[in-house]
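Q: Sequence first, then the predicted structure, then my questions.
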Amino acid sequence: MDSHLLKTLVTVARLGSFSAAALELGYTQSAVSQQIAALEGELGAPLLHRRPVAPTAAGERMIEHARLLLERVDAARADVRRLSRPERPELLLAVSPLGMDATVARALARVREAEPRVRVRVRVLDRRAVAVEVAAGRCAIGVTDGYTAPGGPLALGDLGPVRQAGTGEEPCAVLCPAGHPLHRRAAVDLAGLADAGWLDASGIAAPLADLRALTGGAFPATAGYEGQDAAALLTLSATGHGLAVLPRSLAARAGAAALPVGVPRLVHRREVLFAPGLGGLARAFLEALPRGG
């Protein structure tokens, strides 16, 4: 059964006019009449009353079937066309909350310039989870961050064949409220703040366990933050809920006091993680990243 004939039947019935259906479908009125007559001849039953134009009982039933058949034809056509189109390339990037910065965004932009059809997906995970995703092959490439001595590398545990390379590092600062007794200090020794109240936010700030290991101090937690939203952490720390060691540039955004860390030597470091033999869009992203450290 010709789908064009079915479409003509449905259109005539909907508009109640052969001439209006001809105008909508781009046929002559005589062509529409011939198509309806051909369909009626095939089925052996009249489908439309002519004056006024309205479906017969057989026509009503046929129109119900025709609508369903036309929907299936349209769905089949769209499905086959979708399969015949080349797949849209995709770049999936795993990043830690502080892994995403302007250099990463610019590298993604350069990938899009080279391949305008690319669909970029950014998956934000905690620092260790980025490494796990890349090591498991669920993401070809990732960017994570952490706190370490200048020159790194980050201590991420056994990553198997996954490689890590620094993309940049910056000094750290202690974020505290503007009225804190130390807010005018040019630099601070973390050991001298070991008994202050600290905000436990290991997903973004330097983990208190690491500060204890570096200095031997207590670093008691007066409040905890388990999220991944840096803005929320800045607000909590800047309003007196606890000190936090952060990248200096981030701490400076809080509108509070950002005291540079003088001792011990500590930096915030970003690293890109990738498997050997990286290719395609992930390779293009890697090559667009600045490398250092």
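A: Cool, got the structure. Numbering: from 1, shown residues only.

Q: for the stretch 1-150 of the chain, which spans come out with low pLDDT?
A: 82-86 (pLDDT under 70).

Q: Not counting stretch 23-33 itself, show me its contacts.
A: 7-8, 11-12, 15, 18-19, 21-22, 35 (Cβ atoms under 8 Å, 6 or more residues apart in numbering). No exception for glycine: its C-beta is placed from N, CA and C like everyone else's.

Q: now those: which count as buried?
A: 7-8, 11-12, 15, 18, 21-22, 35 (16 or more other Cβ atoms under 10 Å).

Q: Residue 36 and residue 9 touch, don't they?
A: Yes - Residue 36 is within contact range of residue 9, at 6.3 Å (criterion: Cβ atoms under 8 Å).

Q: who touches both of these two?
A: Shared contacts of residue 36 and residue 9, counting by Cβ under 8 Å, 6+ apart, come down to 47-48.

Q: Residue 270 in helix, strand or coil?
A: Secondary structure assignment for residue 270 (DSSP: H, G, I helix; E, B strand; the rest coil): strand.

Q: residues touching it, list them.
A: With Cβ under 8 Å, 6+ apart, residue 270 has these contacts: 98-99, 101, 143-145, 166-169.

Q: Please name the bridge partners of it.
A: Assessed by DSSP bridges, residue 270 has beta-bridge partners residue 145, residue 168.

Q: Residue 95 versus that one, what's the distance?
A: 9 Å (Cβ to Cβ, to the nearest Å).

Q: for residue 29, phi and psi?
A: phi -60, psi -40 (degrees, to the nearest 10).

Q: biggest helix in this structure by residues?
A: helix 57-84 (DSSP state H).

Q: Mind listing the strands the helix or strand containing residue 260 pairs with, and their directions?
A: Using DSSP states H and E, residue 260 maps to strand 257-263. Take DSSP bridges as the rule and strand 257-263 pairs in its sheet with strand 163-176 (antiparallel), strand 188-189 (parallel).

Q: The first one: which residues count as buried?
A: Going by neighbour count (16+ other Cβ under 10 Å), the buried part of strand 163-176 is 164, 166-169, 171-176.

Q: Quick check: phi and psi at residue 99.
A: phi -80, psi -30.

Q: The closest residue to it other than its chain neighbours: what secondary structure?
A: Once flanking residues are discounted, residue 99 sits nearest to residue 143: 4.0 Å by Cβ to Cβ, 6 or more residues apart in numbering. With three-state DSSP as the basis, residue 143 sits in strand.

Q: Who are the contact partners of residue 143?
A: Per Cβ under 8 Å, 6+ apart, neighbours of residue 143: 93-96, 99-100, 104, 130, 167, 270-273, 289.

Q: Can you tell me which of the residues you listed comes closest to residue 219?
A: Using Cβ to Cβ, residue 96 is the member of the contacts of residue 143 that lies nearest residue 219, at 21.9 Å.

Q: Surely that closest one and residue 154 touch.
A: No - between residue 96 and residue 154 there is no contact under Cβ under 8 Å: 10.3 Å.

Q: Who has more neighbours out of those two?
A: Using other Cβ atoms under 10 Å, the more surrounded residue of residue 96 and residue 154 is residue 96, with 24 against 19.

Q: one step back: put together JSON lines for the contacts of residue 270, with distance to residue 70 on each row.
A: As requested, those are arranged in JSON lines below (distance: Cβ to Cβ, whole Å):
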{"residue": "98", "distance to residue 70": "54"}
{"residue": "99", "distance to residue 70": "50"}
{"residue": "101", "distance to residue 70": "52"}
{"residue": "143", "distance to residue 70": "50"}
{"residue": "144", "distance to residue 70": "53"}
{"residue": "145", "distance to residue 70": "55"}
{"residue": "166", "distance to residue 70": "60"}
{"residue": "167", "distance to residue 70": "55"}
{"residue": "168", "distance to residue 70": "58"}
{"residue": "169", "distance to residue 70": "62"}
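
Q: Counting neighbours, what do you get for residue 105?
A: Residue 105 has 10 nearby residues by other Cβ under 10 Å.

Q: Helix, strand, or coil at it?
A: Strictly by three-state DSSP, residue 105 counts as helix.

Q: From residue 247, how far off is it?
A: From residue 105 over to residue 247 (counting by Cβ to Cβ), the distance is 16 Å.

Q: Residue most distant from the centroid, this protein?
A: residue 51 (59.6 Å; Cα atoms, centre = their mean).
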